[in-house]
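J.: Dropping a prediction and its sequence here:
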There are 2 protein chains.
Amino acid sequence: MRKTTLLFIPGFFIGIIFLILTSCQPSTPAKETESYNEEDARMIKMIFDEALENGKAYGWLEHLCVEIGPRLAGSENADKALDWTESLMKSENFDQVFRQEVMVPHWERGTKEKAQIVGSGEVLNVLALGGSIGTGSEGVQGEVIEVQSLDEVDELGEKVKGKIVFYNRALDQKHVSTGAGYGGAVDQRSGGAIRAGKYGAIGVVIRSVTSAFDDAPHTGMMNYEDGVEKIPAAALGFQSADKLAEALKKGPVELFLQMYCQWFPDAPSANVIGQLDGSEKPEEYIVVGGHIDSWDVGQGAHDDGAGCMHSVEALRILKAIGYQPRHSLRAVMFMNEENGVRGGKKYAEIAKGKNEKHILAIESDAGGFSPRGFGISGADESLDKLRSWLPLFPQNTISFINKGGGGVDVGPLYRETNTPMMGLGVDPQRMFDVHHSPNDVFSTVHRRELHLGAASLAAMIYLVDKYGL
Amino acid sequence: MRKTTLLFIPGFFIGIIFLILTSCQPSTPAKETESYNEEDARMIKMIFDEALENGKAYGWLEHLCVEIGPRLAGSENADKALDWTESLMKSENFDQVFRQEVMVPHWERGTKEKAQIVGSGEVLNVLALGGSIGTGSEGVQGEVIEVQSLDEVDELGEKVKGKIVFYNRALDQKHVSTGAGYGGAVDQRSGGAIRAGKYGAIGVVIRSVTSAFDDAPHTGMMNYEDGVEKIPAAALGFQSADKLAEALKKGPVELFLQMYCQWFPDAPSANVIGQLDGSEKPEEYIVVGGHIDSWDVGQGAHDDGAGCMHSVEALRILKAIGYQPRHSLRAVMFMNEENGVRGGKKYAEIAKGKNEKHILAIESDAGGFSPRGFGISGADESLDKLRSWLPLFPQNTISFINKGGGGVDVGPLYRETNTPMMGLGVDPQRMFDVHHSPNDVFSTVHRRELHLGAASLAAMIYLVDKYGL
């Protein structure tokens, strides 16, 4: 026994040494260079310490997700989220908190949809795509025709007439970045109804654009086109799509689809903006934002409650460590990213109208996961400078600066005013498991991961505020 | 309506462009250099494609965790895990699959422990620390004395006599790497009973060494010392530790602790090794391994079922893409990392006895999370070469090579034979939420993250096999 217990000690100590060595030793230690100095290293350490010890974003996000919930533009919850984020930034004593009023599209899902295989009676997990017309209570019913792409619909042409087109191409798992997989499959969701409508199809169902193999359906925006018949479109859960594909292998399948979604007149809404006033150039701005609207299922936790709370938290951290920004810093809760980008457009329109100078607009809309890097558009000449700052970020946080990137909400500002735009990149493995689905809920967000994202944003804002781009 | 729907399109397309740009464009594209060529880039792409499209580790890990379960050295489950991993590697047609017999310590928890505040009757969530003596059914009862460190016990000296010492120092959340936080708090677990025993304490409870704020207690190895009275030691859940600390603020607290754990004679066990024979230097080895034993609570999913399945999968992937290794490659399921390292020592003893040449021994024991980097000990002269390979790894996988690192199981080989040892570093935020607790279960493992870890290992093995260190 004695011998045994003594023998444990070496193993234990090696374990500790292993953990410490592999975890806190940066491969390139931060040192003074032309592009930053020791004060910057100290400030950035203070930023990360504040986030990890006293981070508030996680508690805030819980309120946004659990107490308020999903918040599609034009909904009552969206209004609540505006009121709450406004009061949040006031309670954090931001120098200014204000709104930019904007009219937003108003679409509602209505009573729960239904998709059922006629004959077998098998019920499939389904969600109407955002913006789709409904079917009324009578529903639509028709033979299902399976395709793998929009082009295949063109090839089939009139053969899809009177049928329900089933777009069955899955997200390609091969991409390390699930965003690339998403980008390669989402054309079925966005353009599927137009293509099928051209040839007289009566409805569209798609395999959800997801990296998970579960049965949660994933909604998201779809489009119609002038002059093309509008037909209802819905997403099936991954496993439900499997079931439908299996049934089709055995012979013709008739599907019944019932959706109560509908459009309403545009509704009044707003962006909410909190500002820390700049001490040297208060009329020049650095923006960090996310979108406060979400789809109407789940809780909009990663998409994009996380990005909104990241943004407020980034400014709170800078205030908490006593940093006096040179430029004015704005945390923007953009409204209506998901189905109209009216908030992003309004922000750009006002900035352009007032001739406000924006140094940089950063968006966080990739989820509340561990930060990995940034991507930037419109500042190619600054890439070397930005990359020279990488050693300042702790290991296991930011390790790359990509050329290209930004965000949907800051896109209008980028295009209208030539403001460089930047996007926060986070570990991409889990986002498209939950994105736009009932599973995008607070319980899937990790406290430390969320706070590290906010710290990464605060550190980048600090550096750009101090050194420019 | 028409206008509205048309307006969505730009936003949608920006979204796609954003996602693609930020996700798949590496900051430093892999290009031919002196240290690798285009064939390597192709091979490593094949490795990652195989892992993401056809990865088997996730399904295997489900079996190990759910069908077999936790597997402390000397237990029936540990034997089952040996049998199953042996048959697994045979079914994958590895060239050789064999065992290295080794005697292991055998400790059992027995009937569920109990910790209760006398008087209020409040029950605290508790787990005996691994290796602790039990209390028998009569338990121990005594006044609780709270300390923050081992040194504080020295200061208190005889004042702890007859009392239960409560080590209450929490893991420091400030470290970006939770491993560093763990390393800074775990001395209470490993050395707390010795220090308190020296001064006549009758028992020890510690605040679990965890990054989570939940109430799952976290076990792990503790030690005794010759000549010091052995006293029972247990870990409280984080919230239970809060409760005890709260109670102590109000006045003296008497705690009742009952533990049925006990030691048994050493038991026969083994390492299981699967080998792909080398085509050029079959008598030289590259090892990749994890430990097949786990603590007896939870399912040993991240610690270290993940590392074992990583190792088997890394070799499976290399086989699947048709790679012919120059050296022999071994996936080693080390036995008894948690409470004795007998498997790691046996492996080193045999390697030394046979004068086997090992090029490199890699361990994966940091969890099945997204890969981030590697750390290496014993090959300082190779750091530049290893770092020159980084552009070959896809963005959002491996981004650093640290000096220092390795693993508990490959430590003996490193020390006994001067074999360089390497550790896989993964995103560190979630590991110490679940480590050694009932929450280290399969459902916390993410399929793609696990498979990317295996691919990262396979890619490193490929490069070292081809180019050496």
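T.: On my side now, so go ahead.

J.: in chain A, which spans are helices?
T.: Per DSSP state H, chain A carries helices over the ranges A:2-24, A:38-54, A:57-62, A:76-91, A:150-156, A:178-185, A:187-198, A:238-250, A:306-320, A:342-354, A:383-388, A:411-417, A:431-434, A:447-467.

J.: Using CSV, lay out these together with distance to chain B, mean pLDDT and mean neighbour count.
T.: Using the backbone N, CA and C atoms, a C-beta is placed for each residue, glycine as well. Formatted as CSV, those follow (distance: least, C-beta to the nearest C-beta, whole Å; pLDDT from 0 to 100; neighbours: other C-beta atoms under 10 Å in any protein chain shown):
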stretch, distance to chain B, mean pLDDT, mean neighbour count
helix A:2-24, 3, 39, 20
helix A:38-54, 5, 98, 18
helix A:57-62, 10, 98, 20
helix A:76-91, 17, 98, 18
helix A:150-156, 14, 98, 16
helix A:178-185, 4, 98, 23
helix A:187-198, 6, 98, 24
helix A:238-250, 13, 98, 17
helix A:306-320, 13, 99, 28
helix A:342-354, 7, 98, 20
helix A:383-388, 7, 98, 16
helix A:411-417, 4, 98, 22
helix A:431-434, 8, 98, 25
helix A:447-467, 5, 99, 26
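
J.: As JSON lines, those helices with distance to residue B:170 would be great.
T.: Shown next, in JSON lines, are the helices of chain A (distance: least, C-beta to C-beta, whole Å):
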{"stretch": "helix A:2-24", "distance to residue B:170": "17"}
{"stretch": "helix A:38-54", "distance to residue B:170": "11"}
{"stretch": "helix A:57-62", "distance to residue B:170": "17"}
{"stretch": "helix A:76-91", "distance to residue B:170": "28"}
{"stretch": "helix A:150-156", "distance to residue B:170": "55"}
{"stretch": "helix A:178-185", "distance to residue B:170": "35"}
{"stretch": "helix A:187-198", "distance to residue B:170": "46"}
{"stretch": "helix A:238-250", "distance to residue B:170": "41"}
{"stretch": "helix A:306-320", "distance to residue B:170": "21"}
{"stretch": "helix A:342-354", "distance to residue B:170": "41"}
{"stretch": "helix A:383-388", "distance to residue B:170": "36"}
{"stretch": "helix A:411-417", "distance to residue B:170": "43"}
{"stretch": "helix A:431-434", "distance to residue B:170": "30"}
{"stretch": "helix A:447-467", "distance to residue B:170": "14"}
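
J.: what about the ones you listed, which gets the closest to residue B:174?
T.: helix A:38-54 (5.0 Å; C-beta to C-beta).

J.: Let me see the residues that make contact with the closest one.
T.: Contact with helix A:38-54 is made by A:30, A:32, A:313, A:317-318, A:320-321, A:323, A:392-394, A:397, A:448, A:451-452, A:454-455, A:458-459, A:462-463, A:466, B:173-176, as judged by C-beta atoms under 8 Å, 6 or more residues apart in numbering or on different chains.

J.: from the chain's centre, how far out does that helix sit?
T.: 26 Å (C-alpha atoms, centre = their mean, to the nearest Å).

J.: Restrict it to CA atoms and write it as PDB.
T.: Extracted in PDB, the C-alpha atoms of helix A:38-54 (Å, rounded to 0.1, in the frame of the first residue of the first chain):
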ATOM      1  CA  GLU A  38       4.300  46.700 -22.900                       C
ATOM      2  CA  GLU A  39       1.500  48.900 -21.800                       C
ATOM      3  CA  ASP A  40      -0.700  47.300 -24.500                       C
ATOM      4  CA  ALA A  41       0.200  43.800 -23.200                       C
ATOM      5  CA  ARG A  42      -0.800  45.000 -19.600                       C
ATOM      6  CA  MET A  43      -4.000  46.500 -20.900                       C
ATOM      7  CA  ILE A  44      -5.000  43.400 -22.800                       C
ATOM      8  CA  LYS A  45      -4.200  41.200 -19.800                       C
ATOM      9  CA  MET A  46      -6.500  43.400 -17.800                       C
ATOM     10  CA  ILE A  47      -9.200  43.100 -20.400                       C
ATOM     11  CA  PHE A  48      -9.100  39.300 -20.400                       C
ATOM     12  CA  ASP A  49      -8.800  39.200 -16.600                       C
ATOM     13  CA  GLU A  50     -11.900  41.400 -16.200                       C
ATOM     14  CA  ALA A  51     -13.800  39.200 -18.700                       C
ATOM     15  CA  LEU A  52     -13.000  35.900 -17.000                       C
ATOM     16  CA  GLU A  53     -13.300  37.100 -13.400                       C
ATOM     17  CA  ASN A  54     -16.200  39.500 -13.600                       C
END
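
J.: Quickly note the distance from residue A:138 to chain B.
T.: 22 Å (C-beta to the nearest C-beta, to the nearest Å).

J.: Contact partners for the residue nearest to that residue when sequence neighbours are not counted?
T.: Using C-beta to C-beta, 6 or more residues apart in numbering or on different chains and skipping the chain neighbours, the partner closest in space to residue A:138 is residue A:258 (7.9 Å). Residue A:258 sits next to A:113-115, A:135, A:137-140 when contact means C-beta under 8 Å, 6+ apart.
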